[in-house]
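Participant: I'd like to go over a predicted model; first the sequence, then the structure.
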Amino acid sequence: METLDQITAFHNEYVVNFLQQGTRADFFSQEADECPETFRDHAVEPGSGFSNHSIELGTVELQDPIAWQSTEPLERVRALISSVANGRRSGLVAKNVQKDLDYLLQSWQQTAHNGPMRAFLWEDLEPVLTRLDGGWPDEVRDRLGMVDLDPTLLYPGAGIDICVFRYSIKRVPKEDSGNRLALRPTVFDDRLAENFCTSQPALGFGHSVDLTKSEKLVREVVHPAIKLRADELWAAGTVRAQPDADLTEARTYHLLKLSQFCDANFQAAFEATDEDLFR
């Protein structure tokens, strides 16, 4: 019998060898040697993907890795991202500043791996990201279930700088059917994480485990990594609060919310895996 540590190690090896073989590229092909297993033709669920090209997506990136991988000073990266993000909403982005950020993002993404990119459907967090009230980075972190972004553990007293990109689903490559390769996340698309729970296959998208226990679900997808651009940067801020430590309770509530989508077979799967959470 394999131990959990052995299973985790085996899974992490799979992630490195079959999901992150290359770097973000300008061109995507399902037949390329470095194509992540998630998006290979034989692995894509029939009928999956999005045919509605009016959908907008959002993704969250950490600012520190952008600095490390681009070899630019962290303070310059933070200032540049903040300047473009603030100017984006006011319509006052200087062309030279946007050009500098595009160069910076290009440098970062030349070394960033090409593993499946996780994204959320913009409309599900649009109220939060339109208002940008104080504490919005904490709320985005919690609504997306990003429990690992805990500033009390990673950067005590400093916070975690994030940036949010907003882009059209038209930026996502197509599969042979013409649908965009924005797919339902599964356990095979990333490293194992306690804050992840697969949604029903027929839905075509997943749902993040909301740490705030909101009644509303945030839909999420994975898609081939794209090179993000300066004109897609929407907001920048700092996560400062500790996430809710009761992940078991958040996951339980999440499963209850998912039950509204479930057929009898999927409910049976819940009973076989997570029934103990409801006791």
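Facilitator: All right, it came through fine. Note that the coordinates shown come from a computational prediction; the quantities given were computed from them, not determined experimentally.
Participant: List the contacts of the longest helix anywhere in the chain.
Facilitator: Longest among the helix segments of the chain by residue count, using DSSP state H, is helix 74-90. Residues from elsewhere that reach helix 74-90, judged by Cβ atoms under 8 Å, 6 or more residues apart in numbering: 63-64, 66-67, 70, 93-94, 97-98, 100-101, 104, 161, 163, 230-231, 233-236. Just so you know, the C-beta spots here come from the backbone N, C-alpha and C atoms, and that holds for glycine as well.
Participant: Select from those every entry located in strands.
Facilitator: Among the contacts of helix 74-90, the members falling in strands (DSSP state E) are 161, 163, 233, 234, 235, 236.
Participant: Taking these, tell me the two that lie furthest apart.
Facilitator: 161 and 234 (14.7 Å; Cβ to Cβ).
Participant: Of those two, which one has the most company?
Facilitator: Set side by side, residue 161 and residue 234 show more neighbours around residue 161, with 23 against 18, by other Cβ atoms under 10 Å.
Participant: Could you double-check that that one sits in contact with residue 64?
Facilitator: Yes. If you go by Cβ atoms under 8 Å, residue 161 and residue 64 touch, sitting 6.7 Å apart.
Participant: got the residue ranges for the helices in this protein?
Facilitator: Under DSSP H, the chain gives helices at 4-18, 63-70, 74-90, 95-109, 122-131, 136-143, 151-154, 247-258, 264-273.
Participant: Out of the ones you listed, flag the one nearest residue 35.
Facilitator: Across those, closest to residue 35 is helix 4-18 (Cβ to Cβ), at 9.8 Å.
Participant: ok and the longest helix of the chain relative to helix 95-109, angle-wise?
Facilitator: 120 degrees (axes from the mean of the first three to the mean of the last three Cα atoms, to 10 degrees).
Participant: Show the average pLDDT along helix 74-90.
Facilitator: Helix 74-90 carries an average pLDDT of 91.
Participant: Quick check: the gap between the closest residue to residue 205 other than its chain neighbours and residue 50.
Facilitator: Spatial nearest neighbour of residue 205, chain neighbours left out: residue 219 (4.7 Å); criterion: Cβ to Cβ, 6 or more residues apart in numbering. Separation of residue 219 from residue 50 (Cβ to Cβ, to the nearest Å) stands at 11 Å.
Participant: now do the same end-to-end measure for stretch 123-139.
Facilitator: 15 Å (Cα to Cα, to the nearest Å).
Participant: to the chain's geometric centre, what's the distance from it?
Facilitator: 16 Å (Cα atoms, centre = their mean, to the nearest Å).
Participant: got it, and stretch 188-203?
Facilitator: For stretch 188-203, the distance to the chain centre is 12 Å (Cα atoms, centre = their mean).
Participant: hmm, who's touching that stretch?
Facilitator: 7-8, 11-12, 14-15, 19, 37-38, 45, 115-116, 118, 145-148, 184-187, 205-207, 209, 211, 222, 247, 250-251, 254-255, 258, 261-263, 266.
Participant: repeat that with 6 Å
Facilitator: 8, 11-12, 15, 38, 116, 145, 147, 186, 206-207, 209, 222, 254, 261-262, 266 (Cβ atoms under 6 Å, 6 or more residues apart in numbering).
Participant: Only alpha carbons, please: show stretch 84-104 as PDB.
Facilitator: The C-alpha trace of stretch 84-104 is given here as PDB (Å, rounded to 0.1, in the frame of the first residue of the first chain):
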ATOM      1  CA  VAL A  84      -0.200  50.700 -15.400                       C
ATOM      2  CA  ALA A  85      -3.000  49.100 -13.300                       C
ATOM      3  CA  ASN A  86      -4.100  52.500 -11.900                       C
ATOM      4  CA  GLY A  87      -3.800  54.200 -15.300                       C
ATOM      5  CA  ARG A  88      -5.900  51.400 -16.900                       C
ATOM      6  CA  ARG A  89      -9.000  52.300 -15.100                       C
ATOM      7  CA  SER A  90      -8.500  56.100 -15.500                       C
ATOM      8  CA  GLY A  91      -7.600  55.800 -19.100                       C
ATOM      9  CA  LEU A  92      -4.300  57.500 -18.500                       C
ATOM     10  CA  VAL A  93      -1.600  54.900 -19.200                       C
ATOM     11  CA  ALA A  94       1.500  56.500 -20.700                       C
ATOM     12  CA  LYS A  95       2.600  54.600 -23.800                       C
ATOM     13  CA  ASN A  96       6.200  54.400 -22.700                       C
ATOM     14  CA  VAL A  97       5.200  52.900 -19.300                       C
ATOM     15  CA  GLN A  98       2.900  50.300 -20.900                       C
ATOM     16  CA  LYS A  99       5.700  49.400 -23.300                       C
ATOM     17  CA  ASP A 100       8.100  49.000 -20.400                       C
ATOM     18  CA  LEU A 101       5.600  46.700 -18.700                       C
ATOM     19  CA  ASP A 102       5.100  44.600 -21.900                       C
ATOM     20  CA  TYR A 103       8.900  44.100 -22.100                       C
ATOM     21  CA  LEU A 104       8.900  43.100 -18.400                       C
END
